[in-house]
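K.L.:
Below is the sequence, then the predicted model.
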Amino acid sequence: MSRTPSPTAQDFVPFATAALDFHRALNLPAGPLVTSRAELDALHTHLVSVHGLLDAHALRTGQLVPAEGDPLRAARTRIWQAADHLHAAYHAAPQPDSGEVPEPEACHTGLPEGAPELTICQRHQRTAHLVRRRTTPRDLHAPFTGLIRR
């Protein structure tokens with residue numbers, strides 16, 4: 001089995017990276033001092049997508065090359081933790097229209113902001129379900145990533 005992609009395969013990850021760099025360069029220097037809820041929602045979407053990509057790589061690679069699959073699983077876990085922190089930051093940010101901060105329990109309704117603009121809670125809960133199936137609580141709370149220097 002070849003470890004290199006076929007010459008016809010499209011690699012869009014560099015484009016996503018460039019888009020994030022471009023977004024940061026354009027929007028952060030002149031933008032507001034506080035991150036908006038829409039920005040946090042967009043970043044959460046991005047991290048959940050990266051989590052899905054790493055999950056797919058970890059599952060496929062881990063079966064063939066466990067030494068490579070273990071670090072991929074650790075990276076997948078850390079990306080989920082970052083997405084979880086973004087979700088918490090979203091709920092700590094004031095609402096744009098009223099300036100109020102909703103109670104954390106509002107997340108359990110699924111759409112505390114109303115449909116269809118921001119669906120961060122639904123996305124987070126769907127991904128959390130996948131995380132619970134593929135990650136142990138020990139992995140999620142371990143301070144050590146499992147990576148070692150060689």
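P.N.:
Structure received.
K.L.:
what helix or strand does the spatially most central residue of the chain sit in?
P.N.:
With distances taken as C-alpha atoms, centre = their mean, residue 47 lies nearest the centre of the chain, 2.2 Å away. Assigned by DSSP states H and E, residue 47 belongs to helix 37-64.
K.L.:
So which elements touch that helix?
P.N.:
The elements that helix 37-64 packs onto, with contact taken as 3 or more C-beta pairs under 8 Å, 6 or more residues apart in numbering; DSSP states H and E, are helix 13-27, helix 66-92, helix 120-134. Quick note: C-beta positions are derived from backbone N, CA and C, even for glycine.
K.L.:
now those helices as JSON lines including mean pLDDT?
P.N.:
What follows is these, written out as JSON lines (pLDDT from 0 to 100):
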{"stretch": "helix 13-27", "mean pLDDT": "90"}
{"stretch": "helix 66-92", "mean pLDDT": "92"}
{"stretch": "helix 120-134", "mean pLDDT": "90"}
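K.L.:
Return the residues in contact with the residue nearest to the centre of the chain.
P.N.:
Residues near residue 47 by C-beta atoms under 8 Å, 6 or more residues apart in numbering: 79, 82-83, 86.
K.L.:
Report the separation between the nearest residue to residue 86 once chain neighbours are set aside and residue 127.
P.N.:
Spatially, and ignoring its direct neighbours in sequence, residue 86 is nearest to residue 44 (4.6 Å; C-beta to C-beta, 6 or more residues apart in numbering). Relative to residue 127, residue 44 is positioned 9 Å away (C-beta to C-beta, to the nearest Å).
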